[in-house]
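1. The following block contains a protein sequence and its predicted model.
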Amino acid sequence: AQSVTQLGSHVSVSEGALVLLRCNYSSSVPPYLFWYVQYPNQGLQLLLKYTTGATLVKGINGFEAEFKKSETSFHLTKPSAHMSDAAEYFCAVRLMIKAAGNKLTFGGGTRVLVKP
Amino acid sequence: DAGVIQSPRHEVTEMGQEVTLRCKPISGHNSLFWYRQTMMRGLELLIYFNNNVPIDDSGMPEDRFSAKMPNASFSTLKIQPSEPRDSAVYFCASTSERGGEQFFGPGTRLTVL
């Protein structure tokens, strides 16, 4: 069975500091990987995704993530945090096998607080 | 593109009443998902449809919950009778085969008194 682990349910960063959100997955086949962001009282919005090809992917709002197969990780980073980055972030995995269908498995989420 | 549309955005009802949540997926998407989000349990997949057919309903909490997708552009999630522990935000999402990513609606915040 696949699973997604996000280290740290809450992260606090200072404005202008590096944002690093960790995501590890377990899967027997190479998955598609996603990061979503959820602002208060809104639905989940796609930040970026990895399917195939280049392992470093860039997303919206200055975020990027790197797929590391050997570490089964897909950590999300942003060099300089902005107050508007305060939100909850979810890592998700989709197994690209027929039996898995189109389902995503989500991590537990990491809530980011940005301090002025 | 209007995105995934959900209605109502907010619903307040009393215990024992029937609640119906509605979703219109993005045109051309062939899979639709219903999720529930609470502080205690996080984001849970309730059921998903592929080409209007329910594929996996293992996340539906109990028989009080039911979902239908009569056509490619409409789905409902019904709770009958509702209970206070059903209070949550319910999200609908849709996707196509090719992209992989799911597109989420704004959610329906349900409060059962």
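-> Everything's here; your move. Please read these numbers as outputs of a predicted model, since none were measured by experiment. Numbers count the residues shown, from 1 in each chain, chains lettered A, B, ... in the order given.
2. closest point of chain B to chain A, which residue?
-> Residue nearest to chain A within chain B: B:F104 (3.7 Å; CB to the nearest CB). In this view, the C-beta of every residue, glycine as well, is placed from N, C-alpha and C.
3. Over to the residue lying closest to that residue once chain neighbours are set aside: give its phi and psi.
-> The spatially closest residue to B:F104, leaving aside those adjacent along the chain, is A:G43, at 3.7 Å (CB to CB, 6 or more residues apart in numbering or on different chains). Recorded main-chain torsions at A:G43 are phi -80, psi 180, according to degrees, to the nearest 10.
4. related to what we said a few turns ago, what sits against the residue of chain B closest to chain A?
-> Counting by CB atoms under 8 Å, 6 or more residues apart in numbering or on different chains, B:F104 makes contact with A:Y36, A:G43, A:L44, A:Q45, B:V4, B:F91, B:C92, B:A93.
5. Just the pLDDT at the residue nearest the centre of chain B, thanks.
-> The central residue of chain B, meaning the one whose C-alpha is nearest the mean C-alpha position (CA atoms, centre = their mean), is B:W34 at 3.3 Å. Each residue has a pLDDT score; the one for B:W34 is 98.
6. Same check on B:A67?
-> In the predicted model, B:A67 carries a pLDDT score of 97.
7. Same question for the one 5 residues further on.
-> For B:A72, the pLDDT comes out at 94.
8. A:L46 now?
-> Reported pLDDT at A:L46 in the predicted model: 95.
9. How about it, nearest residue that isn't a chain neighbour?
-> For A:L46, the nearest residue in space outside its immediate sequence neighbours is B:E101; the separation is 5.1 Å by CB to CB, 6+ apart.
10. next one: B:I79
-> Closest to B:I79 by CB to CB, 6+ apart is B:V19, at 4.6 Å.
11. what sits against that neighbour?
-> With contact set as CB under 8 Å, 6+ apart, B:V19 has these partners: B:E11, B:T13, B:K78, B:I79, B:Q80, B:S82, B:D86, B:L110, B:V112.
12. Give me the buried stretch members for stretch B:76-93, please.
-> Going by neighbour count (16 or more other CB atoms under 10 Å in any protein chain shown), the buried part of stretch B:76-93 is B:L77, B:I79, B:S82, B:D86, B:S87, B:A88, B:V89, B:Y90, B:F91, B:C92, B:A93.
13. Mind putting those into TSV with secondary structure and pLDDT?
-> Below are the buried residues of stretch B:76-93 laid out as TSV (DSSP: H, G, I helix; E, B strand; the rest coil; pLDDT from 0 to 100):
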residue	secondary structure	pLDDT
B:L77	strand	98
B:I79	strand	97
B:S82	coil	97
B:D86	helix	97
B:S87	coil	97
B:A88	strand	97
B:V89	strand	97
B:Y90	strand	98
B:F91	strand	98
B:C92	strand	97
B:A93	strand	97
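14. helix or strand for B:R98, which one?
-> Secondary structure assignment for B:R98, by DSSP states H and E: no helix or strand.
15. Look up how far A:R94 lies from it.
-> 12 Å (CB to CB, to the nearest Å).
16. Who has more neighbours out of these two?
-> Comparing B:R98 with A:R94 by other CB atoms under 10 Å in any protein chain shown, the one with more neighbours is A:R94, at 23 against 6.
17. Can you tell me the SS state at that one?
-> In three-state terms, and counting by DSSP: H, G, I helix; E, B strand; the rest coil, A:R94 is strand.
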